[in-house]
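Colleague: Would you be able to build a 3D model of this:
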Amino acid sequence: MMLRLSLFLCFALTSIYAQTPTTVRFTTNVGNIDVLLLPDAAPKTVENFLKYVNKGAFTNSIFHRSVKNFIIQGGGFQALLPGLPPIAQDAAVINEYKESNTRGTLSMAKLGSDPNSATNQWFFNLNNNAAVLNGQNGGFTVFGRVVDSASLAVMDRIAALPTNSPYSAPYDEMPLNGYSGGTVQQSNLVIVQSIGPIITLPPPVISDAGVISAGAFGGYTSAAPGSFLEIYGSNLAGAERSWTSDDFVNNVAPTSLEGVSVTIGGQRAFVNYVSPTQVNVQVPSTVSYANLAVVVTYKLQPSTPLYIDIKQLAGGLLAPASYKIGGKQFVYAVHAADNAPVTAASPAKPGETLLYYGSGFGPLNPFSIPYAGQIVQTLGTLGYPTQWKIGGLSAQVLFQGLIPGLVGVYQFNIVVPPDAASGDLAVELTQNGGSIAQSLFLPIQR
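Modeller: Numbering: from 1, shown residues only. Presented below is the predicted three-dimensional model:
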């Protein structure tokens with residue numbers, strides 16, 4: 001059974017890393033920069049930095065400023081065009097200047113008039129900037145140091161990119177890769193894809209047959225774009241938690257939780273829940289229809305891939321294991337009149353409207369409505385409508401589409417056929433010429 005259904009968006013936050021990692025890796029689209037953190041010199045600054053790292057604030061962010069022979073700066077803005085929105089700031093951290101701003105050090109940016117104003121923005125010193133930065137504004141706090149020549153080379157590679165940005169401040173000194181004018185494309189941005197600790201741990205392991213669609217929605221060995229997957233194994237995460245509303249940025253679901261990320265066919269999935277033995281994700285809407293590799297990465301260590309068949313449609317209705325009674329799997333439905341669940345003690349009535357919930361039923365009309373990775377804002381209907389039978393009789397479909405305010409959860413408003421008999425009746429659902437794989441029942445009393 002899916003441990004945390006996407007019907008709920010808010011869960012308890014877990015703590016940041018229990019131990020301060022010695023070295024972190026800035027994974028960028030230009031290369032990796034490994035940095036030794038300096039908690040002895042700047043303990044509160046390191047703690048502040050790791051708080052942003054732990055919640056994925058720097059994932060898919062940009063280097064927005066590059067000053068020749070001086071610094072390259074990031075941590076402030078997301079790589080979301082066209083607006084490049086700012087990363088949310090937490091409370092400022094007290095200045096802890098101690099180490100010198102020499103070449104290859106990582107320091108905190110701050111307001112020019114306040115030494116204790118550093119929040120989320122940081123910069124790499126390209127040269128020995130001690131004469132400028134050590135005595136200015138209380139001194140700029142150094143909290144890390146680039147560890148090797150390969151990382152320094154990546155830092156210099158970013159610094160060598162032109163800053164012919166068409167944007168105004170604060171993006172007017174933004175390094176751009178392969179830009180020759182016109183509209184800035186995603187490929188032109190210098191992107192920090194992730195920042196995470198380099199710690200020697202056993203790599204995550206996905207169990208044999210350990211990837212299925214959400215168990216409460218059928219538990220299939222195949223899935224569709226927009227389906228929720230359950231991934232089972234060991235060493236998958238170091239903590240247990242679900243996404244919360246705080247993990248969403250501009251309405252977009254997180255692709256990393258607690259240092260855990262997942263790719264499906266090489267594309268980053270939306271991470272709904274993590275624990276040491278189970279990870280739940282939503283399949284991106286842009287994956288191919290093929291047998292695709294699923295890879296779990298935890299603290300920069302990837303698992304061996306396991307494959308799942310991705311189809312155009314793989315619909316399943318909510319039917320929890322607790323609804324399997326007497327060898328029959330009953331579907332979860334609620335009475336539209338009072339939103340109470342349909343049970344043997346509160347059976348459906350012929351002619352009444354019931355609400356059902358599903359996953360994996362594909363795109364919407366209009367097609368512009370996202371069906372993966374975003375909180376639904378607009379009411380739409382299924383691009384591939386479903387047909388229903390209850391007890392062998394055709395049932396009227398009043399509505400079928402995603403639920404606004406949730407992520408990837410479909411709702412179906414279905415009228416029980418007026419001529420339906422009493423008893424545990426089979427619920428049959430077809431979409432685009434194919435039947436869903438579940439065998440489901442519904443209690444009805446005339």
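Colleague: Neighbouring strands - and their directions - for the strand or helix carrying Ser394?
Modeller: When elements are assigned from DSSP states H and E, Ser394 belongs to strand 393-402. According to DSSP bridges, strand 393-402 has the following sheet partners: strand 386-390 (antiparallel), strand 410-415 (antiparallel).
Colleague: what's next to it, contact-wise?
Modeller: The contact list for strand 393-402, computed with Cβ atoms under 8 Å, 6 or more residues apart in numbering, reads 353, 361, 364, 369, 371, 376, 379-382, 385-389, 408-417, 419-420. C-beta: built from backbone N, CA, C; applies to glycine.
Colleague: Quick check on these: which are buried?
Modeller: Neighbour-count burial (16 or more other Cβ atoms under 10 Å) is assigned, among these, to 353, 361, 364, 369, 371, 376, 380, 382, 386, 388-389, 408-410, 412, 414-417, 420.
Colleague: Where does pLDDT dip in the stretch 101-250 of the chain?
Modeller: 199-200 (pLDDT under 70).
Colleague: Quick one: neighbours of the closest residue to Leu379 other than its chain neighbours, just the number.
Modeller: In space, Leu379 comes closest to Pro404 once its chain neighbours are excluded; the distance is 6.0 Å by Cβ to Cβ, 6 or more residues apart in numbering. By the measure other Cβ atoms under 10 Å, the count of residues near Pro404 is 13.
Colleague: what's Pro404 in contact with, if anything?
Modeller: Taking Cβ under 8 Å, 6+ apart as the definition, contacts of Pro404 comprise Val376, Gln377, Thr378, Leu379.
Colleague: Restricted to helices, list the residues you listed.
Modeller: Among these, no member falls in helices (DSSP state H).
Colleague: Can you tell me which of those residues is closest to Ala214?
Modeller: Closest approach to Ala214 among those (Cβ to Cβ): Val376, at 17.5 Å.
Colleague: you'd agree that closest one is up against Gln411?
Modeller: No. The criterion here is Cβ atoms under 8 Å, and Val376 misses it with Gln411 at 10.4 Å.
Colleague: At which residues are the strands of the stretch 1-150 of the chain located?
Modeller: 23-28, 32-37, 61-67, 71-78, 105-108, 122-125, 142-146 (DSSP state E, counting those that start in this stretch).
Colleague: Quick one, which of these gets closest to Asn235.
Modeller: strand 23-28 (18.6 Å).
Colleague: Show me what the closest one is packed up against.
Modeller: Applying 3 or more Cβ pairs under 8 Å, 6 or more residues apart in numbering; DSSP states H and E, one finds that strand 23-28 contacts strand 32-37, strand 191-197.
Colleague: okay, that strand in PDB with CA atoms only?
Modeller: Coordinates of each C-alpha in strand 23-28 appear next as PDB, following Å, rounded to 0.1, in the frame of the first residue of the first chain:
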ATOM      1  CA  THR A  23      32.800  17.700   1.700                       C
ATOM      2  CA  VAL A  24      29.900  18.700  -0.600                       C
ATOM      3  CA  ARG A  25      29.700  18.500  -4.400                       C
ATOM      4  CA  PHE A  26      28.200  21.200  -6.500                       C
ATOM      5  CA  THR A  27      27.000  19.300  -9.500                       C
ATOM      6  CA  THR A  28      26.600  21.700 -12.500                       C
END
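Colleague: how far out from the middle of the chain is it?
Modeller: Between the centre of strand 23-28 and the centre of its chain there are 19 Å (Cα atoms, centre = their mean, to the nearest Å).
Colleague: Just name the most buried of the helices and strands packed on strand 23-28.
Modeller: strand 191-197 (a mean of 22; mean count of other Cβ atoms under 10 Å).
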